[in-house]
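Asker: sequence below, structure please.
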Amino acid sequence: MTSLLEKANSKENRENFLNRLEKASGRKRHQLADNPLKAMNSVSADLLADKSEAELMEIAKKNSESVNAEVVIKKSSELADYLRQYTSDKDVKNMLLAGVKDDVWSGLQLSDWVQNSGVATVNKWSADLDRMDNEQNANLADLAIAMGEHLIASTGTATIANSAAQGRGFLFLPTRLLVIIPKSGLVKNTREAVEKYDEAFENGLSTSAINFISGPSNSGDIEMELVVGVHGPVECTYLVVEDK
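Answerer: Now for the predicted structure:
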C-alpha cells in the first residue's frame, strides 16, 4: 500500500498526469514560477498576530467550543491518568491507536498505558494490514487516538497529516476522535499552519493529504436541523501536550 502511494505521489507521476491534461485541453500548462502569487493584502498573515501564546490558547479553547470540540491541556506525566479517566467516563470498549513507532508513545510517557489501557479491545492502524482490515477496526472503534501537528487558534481546528500510521479512514470512521497535539504546534491562523507544512515538506514530510478538522461531523442540510456524526465522529477532543 505504501509503495503504491509513494508512486502515485511521485513527481514523475504528477508531471505525466499534468502533461496529459495539457494535451487533452489544448492549453499550455500554467507555471507557478512564472506567475507567483501576489497577495492583495496581509489580512491572512496579520490575523491574531498581536496575541501572546497564552492569549492564543484561550482563543483556541473558545473557538473549539464553538465547533463542539474540547481543548484539554496536560503535561506528558498527566496523559496516562487523563486517558484512563477519559476512556472510563466514555465507556470505551474498542479503541484504535495511531500505528506510530514505540518511541513516540515513550516520548509522551504513554508506553505503559498503551500496554495496559484498561480498554477491552485495542487495535493499531498498520501499514501491514490491508485497507479493509484497517477500516474495519476503525469502524468498530469507540475511540481513535491520532497524532496531530497543529491547533489553529482562529478557527478551533486540528491539523493531521495522513501517513501509514493513520490513514484516511482512521480519522473519520470511529465514534470519537482524540487528537494529541504538541503545545508548540499552536498557531495563530490557517496561513501560519500552511507555512509550517511547507517547511515540513522541505524537510522530508510525505503525505497523501493534510486534514483540517474543526470539531465533530456536523450537517445542517436536512431541513436546517443540526445533526452531529453523519459523516464522521460525534465527539472530538484536542489533547494539547505541554512541551518539556
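
Asker: so which residue is dead centre in the chain?
Answerer: Centroid-nearest residue in the chain, with CA atoms, centre = their mean: residue 160, separated by 2.1 Å.

Asker: and that one, how far is that from residue 207?
Answerer: Distance, residue 160 to residue 207, using CB to CB, to the nearest Å: 9 Å. Using the backbone N, CA and C atoms, a C-beta is placed for each residue, glycine as well.

Asker: before we move on, the earlier item: okay, now the sheet partners of the strand or helix carrying the residue nearest to the centre of the chain, with direction.
Answerer: Assigned by DSSP states H and E, residue 160 belongs to strand 157-161. Using DSSP bridges, strand 157-161 pairs in its sheet with strand 150-152 (antiparallel), strand 210-213 (antiparallel).

Asker: just the CA atoms of the last one, as CSV, please.
Answerer: Output for strand 210-213, consisting of C-alpha atoms alone and laid out as CSV, is shown next (Å, rounded to 0.1, in the frame of the first residue of the first chain):
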residue,chain,number,x,y,z
ILE,A,210,-3.5,17.0,5.3
ASN,A,211,-6.7,17.0,7.2
PHE,A,212,-8.1,20.2,8.8
ILE,A,213,-10.7,19.0,11.4
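
Asker: give me the below-cutoff pLDDT ranges for this protein.
Answerer: Counting by pLDDT under 70, the chain shows low-confidence ranges at 1-6, 219-224, 226-230, 244.

Asker: please enumerate the helices of it.
Answerer: 2-8, 11-25, 43-46, 53-66, 76-89, 102-107, 111-115, 131-140, 168-172, 190-202 (DSSP state H).

Asker: what comes into contact with the fourth one?
Answerer: Which is helix 53-66. The contact list for helix 53-66, computed with CB atoms under 8 Å, 6 or more residues apart in numbering, reads 48, 51, 70-71, 73, 151-156, 183, 186, 188, 215, 238, 240.

Asker: using PyMOL, define a selection of the buried residues within those residues.
Answerer: Buried subset of those, written as a PyMOL selection, criterion 16 or more other CB atoms under 10 Å:
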select buried, resi 48+71+151+152+153+154+155+156+186+188+215+238+240
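
Asker: many thanks, we can stop here.
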